[in-house]
Each structure stands twice: as C-alpha cells, then as structure tokens.
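**Q** Everything below, folded, please.
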Amino acid sequence: MQGIKRFAVILLPAIISVGAVAQHAVPAGNAKSQAAAQAKRKLTPEQKFVIDTVRMAVALPQPDPQDRLRVLSTAADVVSPIDRKMARSFWQEGVRVESELIRIGQKPTLSMMASGQADCAAAQNFVENLPESALLQAEQSLIAATTSCSKQTLDIISRKLDAGLEKGIVPARALMAAMDAQGLKSPWSQLHFTKMFASLPDPAGNAAEAENFAAMYAHMSGSVDASAASKTGVQLLVWLGKLQDNPLRNLAVHITTGAMKETLGEEGFRQAMSSDVVANSVAQNAEGKNMNVDRPSEQGISVLEAMQNNGTDQSDKLRQLPAVERARESAAHGFAVGTAGNKEQAAKYFDMAFAAVDEAWDARSQEETKDAGPDQPNAASVVQEVGEAAAEVDSIQALQRAQKLRDTSAQAIAMLAVARVVASNGIAK
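**A** All right, here's what the predicted structure looks like:
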C-alpha cells in the first residue's frame, strides 16, 4: 500500500451485493449472462463485490489517458485472481493506451507491459509501432517485452535499439536486457556494447543515467575482450567527468573503475588510465568521496502516531492542513479509531478525508499528474490511499464515499482501492 503502512487485516462488515447498482454500468443484455457466469463459478460474496466494483469503476470515463491507464492496471491486478478473462481485456486495452501515450511523447506513469501480463501478440504490436524517438520513455516496457516475449519481440527490439544508438538515444537498461537475451558473447551484444559507449548522450540532460551506464559497463565488461573493456571504460569515465561533482557521479565512477580493475587487472587498469588524462583525473578525484546517494523516500503517514491520539478529536488540527496532507492524515486517524471500535468518529474522519480528496484532485496540475514522484504523492495515489484506509474499516461505506467523489476518474481509483482491500482480506489465495 502506498503512503500509509500496510493496515492490519480486520474482519470486514457483512458485504451486501452491489449488483443492482452495477447494472447501470453494463449493457442490460449482458447482465443475465454475467450473473450466470458468476453463479457457475460459485463466487463468494466478497468476490462478487470485487467483480461488481471493478466493473463499475472501469465503466466510468477517465478523460486523461494517464488516469485511464492507472484504472485499467489496478482493475486487472485486482480482478485477475477471480476472472482472468476480464483481466485480460483490461491488459489489452491498457497496452493500447500505454502505446498511444508513448507515441505522442508522454511517459506513462506506470507500465502494463512491464507487468509481464500482456499477451505476446500485444507485446509484438507494441514494439512494432514504437518510434525510435520514444525508446527512453518506453524502456521499462521494452525490458518486459524482451524478457516475457523474447521469441516474438527480440529481433524487433534489437533493430529499434540499434536505430536509437545511431541517433544518440541510449536506453541502457533496455540494451542490457536485450544483450542478456541475445547472449553476452553473441556478436550483436559485443558490437552494441562498444557502440553504446561510443554513442553516450549529452551529459547535460542525462545525468540521471550515470548509474545505469556504470551498471551496464560492470555487467558486460567481463564478457568482452580486454581492449574493448579498456576503451569503453575510459569513454565512460570521460563522460562521467562532464557531470556535476556529486555522490551520484562518484558512485558511477566507483562502479566503473571497480569493474575495470576486476576485468583488466591492476596493471591493465593502470595502462588504461595512463592512456587518457581526463579519465585518470576523474577516477582519482572520486577516490574517498561521498557515494551515498539520496534516494526519494515514500512519505508515510504514521498510523502509530494517529493511534496514540485516538482518544481525542483531532478534527480542528486536521482542518488547518493542506488538502493532500489533510486527506492522508484524516485517513490515518479514521483507520486508527475505526479499528479501535469507534466507527462514529472514524466516519467523521473519513468524511473529512474524502472531502480533502476532492480538493486535492481539483487542484492537481498536469505536471503533477505525470511527474510526481513517491516523495511528493500525486492526487491519484492519495485517492487510492484514502480509499484503502476507509475500506479497511467499512468497505460498504468506503464504496459509497468513493462513488460520491466529484470527478469520475477519482471515483474509479477510489472504488478500485476498496475492491483491492476486499479482495485481499476476503479471498483465500
């Protein structure tokens, strides 16, 4: 669970059927056949709840394709243990949405291809229609296609990567996956290892790739001859020398020089350093420097802290917080008092949390929707977090609150959060 630490599993209240509500989301002619199929599988009440809720959520419109992708991905994940056919339809649509986002130059907030659940025909179609200019945006998807559908996609991906290198586009992790699939000793891998380090992109806009390039070198350098390992190592050190001096660069330099010493031996490393003054200077300057890279950390709400205060009403304090923080803190307090047995006070906190969700969703920017990282939760992740917290206390009330959110995309995300909790707590795996 994002944000709030995974809530303790509790007994859900008796789950009522939402089939009557769900019928508005599907064609009337299909309702009987769907009900018959569910009955044939002898679904539990919890499973029926999950299927109906997922179906309703997916039927809601999501104008932003990033939101649609999130909804489809979550829906497929939630319903897959119950109905693989339904999940498969979500995966297929999700891959199409993901492909279109990449085609128009947007990086998907998540990758359904990367889940490894898309069928290989869809994966092949995805990579065939991928422009070389979008290789970096689609890197995670390419890795998934290479590993899960190698037979159908490897040759196509290899050609795309080759074309990308000619244009200075270097998706290091996708190249690594392709080399592993081709075989590190294969002619293709040997050639493209040297081509990669001869085609490193402009350091000014690609500093974040430093660690990936270093990892790529360390992974492959022992499988090429000494002259290639020496030349490419020097090229990478020269490139790293153009980056700002910081822990990330120092770490990349340390990885590179360590791999060079292991592959070439101490004497071979000294000879390589003596061949290029810049590379030697970069290696020496990184010695003894800080290599502790600050990684983005997930902002969690302390449920334990909320539990410590569950004897007093925190509403006045919570009202003073910005919308995102108010939503998450109110959800934490709602969970704390709800699991302690005070359902009435929990309902007040969750009313506040869902109201704050509406505010956060209305205020979100296009940049936040696409680019917010785990250290700055975006509105969608907050909606999911609040929905899950509420569902752990009372799934029916949580679903009702989710359906009252102003935006249909927010409704769908919150409804799926509820379904996820019911599926997790109510289905034996």
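
**Q** Checking the spatially most central residue of the chain next. Helix, strand or coil?
**A** The centre of the chain sits closest to residue 110, judged by CA atoms, centre = their mean, with a distance of 4.5 Å. Going by DSSP: H, G, I helix; E, B strand; the rest coil, the secondary structure assigned to residue 110 is coil.

**Q** Give me the mean pLDDT for the longest helix that the chain contains.
**A** The longest helix of the chain (DSSP state H) is helix 247-274. Mean pLDDT, helix 247-274: 94.

**Q** Name the helix or strand of this protein that has the lowest mean pLDDT.
**A** Of all helical and strand segments in the chain, the minimum by mean pLDDT, DSSP states H and E falls on helix 19-22, at a mean of 35.

**Q** Assess the claim that residue 261 and residue 269 are in contact.
**A** Yes. Judged on CB atoms under 8 Å, residue 261 makes contact with residue 269 at a distance of 4.7 Å. (Each C-beta comes from the backbone N, C-alpha and C, glycine too.)

**Q** Comparing these two, which residue is more hemmed in?
**A** Each of residue 261 and residue 269 has its neighbours counted (other CB atoms under 10 Å); residue 269 has more, 21 against 15.

**Q** which residues sit in contact with the more buried one?
**A** 257, 260, 261 (CB atoms under 8 Å, 6 or more residues apart in numbering).

**Q** ok, now with 7 Å
**A** Taking CB atoms under 7 Å, 6 or more residues apart in numbering, we find residue 269 in contact with 260, 261.

**Q** Likewise for residue 230?
**A** By CB under 7 Å, 6+ apart, the contact set of residue 230 is 264, 268, 272.

**Q** could those be laid out in TSV, adding distance to residue 79 and neighbour count?
**A** Output for the contacts of residue 230, formatted as TSV (distance: CB to CB, whole Å; neighbours: other CB atoms under 10 Å):
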residue	distance to residue 79	neighbour count
264	53	19
268	56	17
272	55	25
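
**Q** and which of those residues is nearest residue 341?
**A** Residue 341 lies nearest to residue 264 out of the contacts of residue 230, by CB to CB, at 66.7 Å.

**Q** separation between that closest one and residue 179?
**A** Distance, residue 264 to residue 179, by CB to CB, to the nearest Å: 20 Å.

**Q** same check, this time on residue 111
**A** Counting by CB to CB - residue 111 and residue 179 are separated by 21 Å.

**Q** And for residue 186, the neighbour number?
**A** Using other CB under 10 Å, residue 186 has 13 other residues around it.

**Q** what's the nearest residue to it if we skip its chain neighbours?
**A** residue 179 (7.8 Å; CB to CB, 6 or more residues apart in numbering).

**Q** What are the buried residues along the helix or strand harbouring residue 217?
**A** Under the criterion of DSSP states H and E, residue 217 resides in helix 210-220. Across helix 210-220, burial judged by 16 or more other CB atoms under 10 Å covers 210, 211, 212, 213, 214, 215, 216, 217, 218, 219, 220.

**Q** And the helices in the stretch 301-429 of the chain?
**A** Assigned by DSSP state H, counting those that start in this stretch, the helices in the stretch 301-429 of the chain fall at 303-308, 315-319, 323-339, 343-363, 366-371, 379-393, 395-403, 408-426.

**Q** Would you single out the least confident of the ones you listed?
**A** Ranked by mean pLDDT, those end with helix 366-371 at the bottom, a mean of 44.

**Q** Understood, closing this out.
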